[in-house]
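S.K.: The sequence and its predicted three-dimensional model are supplied below.
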Amino acid sequence: MTAILPSDQSNIIERRLSEGRATQSEITHFLVVHYYATLHRLALSLLSQSEEAADVAQQTIIKAAAKIDQYQPGTNFKAWVFKIAVNEARMAIRRNQARQRLKNILTLGLQADSQPLPPEAQMILSERDRSIWKAVSELPTKQKLPVLLRYSFGLTDQEISEILEVPHGTVRSRLHNAHKKLFVMLAKQEVKGLR
């Protein structure tokens with residue numbers, strides 16, 4: 001019995017794909033055996049953490065197997081798989097950056113909250129400001145977090161989108177809905193001068 005070389009195995013998978021006969025388990029097995037180590041090495045070079053690189057390699061294999069119908073037989077299979085891996089690594093990098101920014105923001109917020117304000121600063125806080133922040137604290141978390149990130153920390157919609165891992169339009173929608181709710185809540189409290 002002769003051993004099947006990776007390029008021969010690739011040709012077999014290519015042929016089965018073009019004939020529409022490759023099963024999901026065959027594709028997954030092929031990807032694990034012939035690509036996992038390379039995908040892990042690629043992800044490790046981009047992420048610098050072995051555990052995250054392993055996650056990216058696994059996600060790449062899962063996505064490639066699930067989206068195999070998008071692969072065009074006869075084109076470069078390796079390049080197609082690598083493109084998925086690079087996109088997965090980029091998403092992991094963005095998630096890490098967003099988590100780090102959120103962690104930094106929350107850490108700063110906790111540090112700021114843990115230090116009592118001097119008496120002069122406490123006097124400066126007007127009844128109106130306390131009413132506004134009380135209303136903000138009563139918002140649902142989905143709306144409260146974008147409001148806090150925007151107005152307490154001065155982040156842009158795009159930055160909030162990255163931190164919360166939601167589309168830019170979702171951030172805008174949540175802010176809009178929060179503004180509407182705040183207006184109603186504050187109107188009930190008879191806070192004057194707000195728009």
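M.R.: It's in. What you are looking at is a predicted structure, and each value in this text was computed from that prediction instead of being measured.
S.K.: Helices of this protein, start to end?
M.R.: 6-18, 24-47, 50-66, 77-114, 119-124, 127-137, 141-151, 157-164, 168-188 (DSSP state H).
S.K.: Throw the ones you listed into TSV and include mean neighbour count and mean pLDDT, thanks.
M.R.: Just so you know, the C-beta spots here come from the backbone N, C-alpha and C atoms, and that holds for glycine as well. Compiled in TSV, the helices of the chain are given as follows (neighbours: other C-beta atoms under 10 Å; pLDDT from 0 to 100):
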stretch	mean neighbour count	mean pLDDT
helix 6-18	14	66
helix 24-47	17	88
helix 50-66	18	93
helix 77-114	14	74
helix 119-124	9	55
helix 127-137	14	74
helix 141-151	18	82
helix 157-164	18	82
helix 168-188	15	89
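S.K.: show me what contacts the nearest residue to residue 18 once chain neighbours are set aside?
M.R.: Once flanking residues are discounted, residue 18 sits nearest to residue 73: 3.8 Å by C-beta to C-beta, 6 or more residues apart in numbering. Taking C-beta atoms under 8 Å, 6 or more residues apart in numbering as the contact definition, residue 73 lies against 14, 17-18.
S.K.: And residue 44, by the same measure?
M.R.: With C-beta under 8 Å, 6+ apart, residue 44 has these contacts: 50, 53.
S.K.: re earlier: if I look at the residue nearest to residue 18, how far off is residue 19?
M.R.: Noted for residue 73: a distance of 9 Å to residue 19, by C-beta to C-beta, to the nearest Å.
S.K.: repeat for residue 99
M.R.: 44 Å.
S.K.: swap in residue 157?
M.R.: Distance from residue 157 to residue 19, by C-beta to C-beta: 48 Å.
S.K.: What of residue 78?
M.R.: Separation of residue 78 from residue 19 (C-beta to C-beta): 20 Å.
S.K.: and if you look at residue 146?
M.R.: Applying C-beta to C-beta, the value for residue 146 to residue 19 is 50 Å.
S.K.: so what's residue 74 closest to, chain neighbours aside?
M.R.: That would be residue 18: by C-beta to C-beta, 6+ apart, it lies 7.0 Å from residue 74.
S.K.: what's the answer for residue 178, then?
M.R.: Excluding the flanking residues, the one nearest residue 178 by C-beta to C-beta, 6+ apart is residue 143, at 3.8 Å.
S.K.: quick one: contacts for that neighbour?
M.R.: Contacts of residue 143 by C-beta under 8 Å, 6+ apart are 174-175, 177-178, 181.
S.K.: again, but for residue 47
M.R.: 53, 56, 89, 92-93, 96.
S.K.: rerun at 10 Å
M.R.: Each residue near residue 47 by C-beta atoms under 10 Å, 6 or more residues apart in numbering is listed here: 53-56, 89, 92-93, 96.
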